[in-house]
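[1] missing the sequence, but the structure's below:
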């Protein structure tokens, strides 16, 4: 039997059949209905090994990405210029300029950009989540910002909300929806009917937001996934 690739499973009660997704960072995701067991999922992946190999081959044939000359943080209306190989790391908030002391094709440069985006996301998303929490009356225990591979956010059973730094690259109304979505998980730790009723009460247009996220999520710049540069 051919070697099985590593994959993660995401349960979605709204899908009726198994689906595969391969992300630009190489992560293989299986989207599964809630009643499909692990062995059925494994057999499904095994039947689609040729598809996985072909898609990963397509990724490998893509040219090595360079890092950008600017970063548009659409969620907060900021456009930052990047000065690569600048000799010293620094941030000029007045000029919206980020100086990075590495070339724009290096892993070190990528890591600097990643750390800056994490810091910027923590600074902007923390008060944003508190504001939405106050507006909705949905409290939370604490929050953290990371660079998750496949999720925009999550909520633990203890009320800790984890947000993806790449949210800053989305339009503001989609960030509002994602924050409402995670706050609703502090009341309902599932995606059942009661959860969606609560989401709709605070975000009546959530269905359109979900559709828009699917489209925009595929259009985010490749560098934002933070998979290692070759």
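    Cool, the structure landed. Bear in mind the structure is a predicted one, so any value in this text is a computation, not a measurement.
[2] Return the distance of the lengthiest helix in the chain from the chain's centre.
    When the chain is parsed with DSSP state H, its longest helix is helix 107-136. Chain-centre distance of helix 107-136: 12 Å, with CA atoms, centre = their mean, to the nearest Å.
[3] Okay, strands next: where are they in the protein?
    8-11, 19-22, 28-32, 70-73, 78-84, 90-92, 97-100, 142-146, 153-155, 160-164 (DSSP state E).
[4] and the first one, which strands flank it?
    Yep, that's strand 8-11 we're talking about. strand 28-32 (parallel) (DSSP bridges).
[5] what do you get for the second one?
    In its sheet, strand 19-22 lies beside strand 28-32 (antiparallel), with partners assigned from DSSP bridges.
[6] Now tabulate the strands of the chain in TSV and tack on mean pLDDT.
    Below are the strands of the chain laid out as TSV (pLDDT from 0 to 100):
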stretch	mean pLDDT
strand 8-11	87
strand 19-22	87
strand 28-32	88
strand 70-73	94
strand 78-84	94
strand 90-92	91
strand 97-100	94
strand 142-146	94
strand 153-155	94
strand 160-164	96
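[7] who wins for proximity to residue 129 among those?
    strand 142-146 (5.6 Å; CB to CB). C-beta coordinates here come from the backbone N, C-alpha and C atoms, glycine included.
[8] Mind listing what's buried along that closest one?
    143, 145 (16 or more other CB atoms under 10 Å).
[9] And for it, what's in contact with it?
    118, 121-122, 125-126, 129, 159-165 (CB atoms under 8 Å, 6 or more residues apart in numbering).
[10] let's see it at 7 Å
    For strand 142-146, the external contacting residues (CB atoms under 7 Å, 6 or more residues apart in numbering) are 118, 121-122, 125-126, 129, 160-165.
[11] Show me this protein divided up by domain.
    8-61, 70-225 (automatic domain parsing).
[12] By mean pLDDT, show me the worst of those.
    When the domains of the chain are ranked by mean pLDDT, domain 8-61 comes last with a mean of 84.
[13] so how far is it from its chain's centroid?
    18 Å.
[14] Check stretch 184-201 too.
    For stretch 184-201, the distance to the chain centre is 20 Å (CA atoms, centre = their mean).
[15] If we go by neighbour counts, what in it is buried?
    Here stretch 184-201 shows 184-186, 188, 191, 195-196, 198-199 as buried, counting by 16+ other CB under 10 Å.
[16] same thing with stretch 41-61?
    44-45, 48, 52, 55.
[17] Please flag which of those sit within helices.
    Going by DSSP H, the helices hold 44-45, 52, 55 from the buried residues of stretch 41-61.
[18] still on that earlier bit, could you say which of the domains of the chain is packed most deeply?
    domain 70-225 (a mean of 16; mean count of other CB atoms under 10 Å).
[19] check contacts around the residue nearest the centre of the chain.
    The chain has residue 152 as the residue nearest its centroid, 4.0 Å off, counting by CA atoms, centre = their mean. Residue 152 sits next to 164, 167, 178 when contact means CB under 7 Å, 6+ apart.
[20] now swap in residue 28 and tell me
    5-7, 20, 22, 52.
[21] from the residues you listed, which two are the most distant?
    Going by CB to CB, the pair spanning the contacts of residue 28 furthest: 6 and 20, at 13.1 Å.
[22] State the phi and psi torsions of residue 37.
    phi -80, psi 170 (degrees, to the nearest 10).
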